[in-house]
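Chemist: sequence and predicted structure are below.
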Amino acid sequence: MIRAGRRHLVRTLADLAAQQGVRLHTYLTANRHLVDGFPAPISSAGSRNRLYDGEQVDAFLTGRPVPPLPTEDDDQDLLDRRECADLLGLSPLSWSKYKSHPLLSAHLTDVGGVEHWPRGIVRQYQAQRSTKVQAAPGRPARSGDQVPRDQLLTRTAPLLDADPAITAAAVTEELGVHRDTAQDALLRLRADRMADLMHADPSLTPAQSAAALGYPAGQVRRATVRAQAALRARTVTPYLADIAYAMHREGWTTTAAAPDVHHPADDLVVAVLVLDGPTTPAPALVWDERHGWRTATSRRHPLTRGVTLPPPGGGIRYLTQAQGTTPSPEALIAALTA
């Protein structure tokens, strides 16, 4: 977060590169912001755009002790979307639905290319939202789910712990969500827990892991398929992390974090790597276990609907197919720059 009264001190990675008289690509390649003792970013963990406090950076570069930042919360603190979502108990993705509220949109401010909101305004919105929820008389007919999507798994997990054979109908009755929503939550939870067991003991089959967890065979047909896909995703994660780090070294991403893994179908593993650097060969990369890497034309919506592969052309290129689905980082970079 940006502490109250320190907005004028905020610096981006581009600012840090300019301060040291080098291009951003050179700065990122040399990892000058990752050397021992360099001040930590003030942006939230996982943010794609890293922001730094200029007073701390100046102290470090001149060999002086790095001064600590204020620790007491203030209504004038500026929070990014992750911090706002955390304050409201939401996921960062869910925040995009809430930030359009007039109270929040009126106080939106851009700092270093990152949206921020004052802590006091988010608290004010939280109080209004809580009052509205408490005043609601109940679930009206044909209303939507009463549990936000980002809280669904954490609310469903204790129910599954208490009754491994719980049905979607029982979850619907308990949480006030649509039956399909409840079914999806149970599928994801059961599959992930089965994958945990099979990862710990590779000799277990999906059926054996389901039985060990007390899941009735008739309720886990899709979960057994999803669990095997989850295992494959865990296997490929180190490779995806290597690719992300290579893209970061090229200056094509501002973070070296491994890309998120998705399951557009129960038996399919895909991953999305957004290329958000200043100069990139494509908006995003998509890895699909069926064919490997391809470019995407949108950072916001890199995946096509369903499991159908998009045809090449119009900004979509299929890369290094001759080298299999897991080409080396060097081969992928060469294909992107060819």
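Modeler: Received the coordinates, thanks. Numbers count the residues shown, from 1 in each chain.

Chemist: pLDDT (mean, whole number) over the helix or strand that contains residue 14?
Modeler: Using DSSP states H and E, residue 14 sits within helix 13-19. Taken as a whole, helix 13-19 has an average pLDDT of 92.

Chemist: cool, and stretch 258-269?
Modeler: The average of the pLDDT scores along stretch 258-269 is 85.

Chemist: and the end-to-end length of that stretch?
Modeler: 14 Å (C-alpha to C-alpha, to the nearest Å).

Chemist: buried stuff in that stretch?
Modeler: Neighbour-count burial for stretch 258-269 flags 258, 259, 261, 262, 263, 266, 268, 269 (criterion: 16 or more other C-beta atoms under 10 Å). In short, each C-beta sits where N, CA and C put it, glycine included.

Chemist: count the residues that sit near the spatially closest residue to residue 219 that is not a sequence neighbour.
Modeler: Nearest residue to residue 219 in three dimensions, chain neighbours excluded: residue 165, at 7.0 Å (C-beta to C-beta, 6 or more residues apart in numbering). For residue 165, the tally of surrounding residues (other C-beta atoms under 10 Å) stands at 11.

Chemist: and residue 165, what does it touch?
Modeler: By C-beta atoms under 8 Å, 6 or more residues apart in numbering, the contact set of residue 165 is 214, 215, 216, 219.

Chemist: and residue 210, by the same measure?
Modeler: 190, 194, 217, 220, 223, 224.

Chemist: ok, the fifth one to residue 266 distance?
Modeler: The one in question is residue 223. 8 Å (C-beta to C-beta, to the nearest Å).

Chemist: can you list residues touching both of those two?
Modeler: With C-beta under 8 Å, 6+ apart as the test, residue 223 and residue 266 both reach 187, 191.

Chemist: does anything pack onto the next helix or strand after the helix holding residue 14? Which helices or strands?
Modeler: Downstream of helix 13-19, the first helix or strand assigned by DSSP H and E is helix 24-29. If you count contacts as 3 or more C-beta pairs under 8 Å, 6 or more residues apart in numbering; DSSP states H and E, helix 24-29 packs onto helix 13-19, helix 221-249.

Chemist: all the helices of the stretch 201-338 of the chain, in order from the start?
Modeler: Under the criterion DSSP state H, counting those that start in this stretch, the stretch 201-338 of the chain contains helices at 206-212, 221-249, 329-337.

Chemist: surely residue 41 meets residue 50?
Modeler: Yes - using C-beta atoms under 8 Å, residue 41 is in contact with residue 50, at 4.4 Å.

Chemist: more neighbours: which of those two?
Modeler: Remark: of residue 41 and residue 50, residue 50 carries more neighbours, 18 against 15, as counted by other C-beta under 10 Å.

Chemist: contact partners for that one?
Modeler: 12, 13, 33, 41, 43, 254, 255.

Chemist: a markdown table please, covering those and showing distance to residue 60.
Modeler: Below are the contacts of residue 50 laid out as a markdown table (distance: C-beta to C-beta, whole Å):
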| residue | distance to residue 60 |
| --- | --- |
| 12 | 16 |
| 13 | 15 |
| 33 | 10 |
| 41 | 13 |
| 43 | 17 |
| 254 | 20 |
| 255 | 21 |
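
Chemist: lowest-confidence one in those residues?
Modeler: residue 255 (83).

Chemist: run a quick neighbour tally on it.
Modeler: Taking other C-beta under 10 Å as the criterion, the count of residues near residue 255 is 16.

Chemist: how about residue 281: what's its closest non-neighbour residue?
Modeler: residue 336 (4.3 Å).

Chemist: rewinding a little: just the ones of the buried residues of stretch 258-269 in strands?
Modeler: Members of the buried residues of stretch 258-269 lying in strands (criterion: DSSP state E): 261, 262.

Chemist: would you list the buried residues of stretch 258-269 in a markdown table and tack on distance to residue 186?
Modeler: A markdown table is the format used below for the buried residues of stretch 258-269 (distance: C-beta to C-beta, whole Å):
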| residue | distance to residue 186 |
| --- | --- |
| 258 | 27 |
| 259 | 27 |
| 261 | 20 |
| 262 | 19 |
| 263 | 15 |
| 266 | 13 |
| 268 | 20 |
| 269 | 21 |
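
Chemist: between the buried residues of stretch 258-269, which is nearest residue 3?
Modeler: Nearest to residue 3 out of the buried residues of stretch 258-269 is residue 258 (C-beta to C-beta; 30.0 Å).

Chemist: residues contacting that closest one?
Modeler: 237, 240, 241, 244.

Chemist: which one of those sits in the busiest neighbourhood?
Modeler: residue 244 (21 neighbours).

Chemist: packing partners for the lowest-mean-pLDDT helix or strand in the chain?
Modeler: Of the helices and strands making up the chain, the lowest-confidence element is helix 92-98, at a mean of 73, by mean pLDDT, DSSP states H and E. Using 3+ C-beta pairs under 8 Å, 6+ apart, the elements in contact with helix 92-98 are helix 81-88, helix 149-162.
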